[in-house]
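Trainee: predicted model and sequence below, questions to follow.
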Amino acid sequence: MRKTLKQFLPDHEAIRSNRWLRPFANTLLHPRLWHLNRHSAAGGVAVGLFCGLIPGPVQMPSAAIACILFKVNLPVALITTLYSNPLTILPLYVIAYAIGNWAMGLPPQRFVPPPEMGDLGFLAWSGELSQWMVGLGKPLALGLVLLAATLSLVGYLGVKAAWRTWLIRSWNRRRERRASTP
């Protein structure tokens, strides 16, 4: 599994030679951020799933900062944040809002969809988006944290279980191959 995934990862020289990343090379080239094993991959998935629900365009930078703090796989975390995209963000926020209402003991309320960007500029849309979020208030904020934590935990445990299952199957296949050869 590691060999397959390593084909898609950039090498250290690509990061070192990138002019935008050069000031951060010492931090970004830490071996644990790029090492791929079941612990770092599971941690990267957990960070990516948690940071993927952060509103606005700060999902990937926050995932990168969390990876640096927790020393988990950076590329896995950045790729995992992509689960929240224009197609999935509305259902995720509806679920988060319902979870927040449930956790606060409030009756179910009708969810108001977020403003569309349409002809608005980014700053105007960001302002309307923040007003929309303030209008939803505490249930959405609590629901986002609870949903992000739940997704993060499930993702972490799921990757650990999948990696362990793949490892056990590999061991069994290797043992069978050794037993069948005279």
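Mentor: On my side now, so go ahead.

Trainee: all helices for this structure, in order.
Mentor: For the chain, the helices defined by DSSP state H occupy 2-6, 12-17, 25-28, 31-34, 38-51, 59-70, 74-80, 89-104, 122-136, 138-180.

Trainee: pick the most deeply packed of those.
Mentor: helix 38-51 (a mean of 25; mean count of other CB atoms under 10 Å). (Each C-beta comes from the backbone N, C-alpha and C, glycine too.)

Trainee: packing partners of that one?
Mentor: For helix 38-51, the contact count by 3 or more CB pairs under 8 Å, 6 or more residues apart in numbering; DSSP states H and E identifies helix 59-70, helix 74-80, helix 138-180 as packing neighbours.

Trainee: about what we covered before: I'd like the helices of the chain as JSON lines, with mean pLDDT and distance to residue 116 appended.
Mentor: Output for the helices of the chain, formatted as JSON lines (pLDDT from 0 to 100; distance: least, CB to CB, whole Å):
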{"stretch": "helix 2-6", "mean pLDDT": "63", "distance to residue 116": "37"}
{"stretch": "helix 12-17", "mean pLDDT": "66", "distance to residue 116": "37"}
{"stretch": "helix 25-28", "mean pLDDT": "64", "distance to residue 116": "36"}
{"stretch": "helix 31-34", "mean pLDDT": "76", "distance to residue 116": "37"}
{"stretch": "helix 38-51", "mean pLDDT": "95", "distance to residue 116": "24"}
{"stretch": "helix 59-70", "mean pLDDT": "92", "distance to residue 116": "20"}
{"stretch": "helix 74-80", "mean pLDDT": "90", "distance to residue 116": "26"}
{"stretch": "helix 89-104", "mean pLDDT": "89", "distance to residue 116": "11"}
{"stretch": "helix 122-136", "mean pLDDT": "80", "distance to residue 116": "8"}
{"stretch": "helix 138-180", "mean pLDDT": "93", "distance to residue 116": "18"}
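
Trainee: possible to save the ones you listed as JSON lines with distance to residue 110?
Mentor: Converted to JSON lines, those look like this (distance: least, CB to CB, whole Å):
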{"stretch": "helix 2-6", "distance to residue 110": "43"}
{"stretch": "helix 12-17", "distance to residue 110": "47"}
{"stretch": "helix 25-28", "distance to residue 110": "45"}
{"stretch": "helix 31-34", "distance to residue 110": "43"}
{"stretch": "helix 38-51", "distance to residue 110": "27"}
{"stretch": "helix 59-70", "distance to residue 110": "27"}
{"stretch": "helix 74-80", "distance to residue 110": "31"}
{"stretch": "helix 89-104", "distance to residue 110": "10"}
{"stretch": "helix 122-136", "distance to residue 110": "11"}
{"stretch": "helix 138-180", "distance to residue 110": "12"}
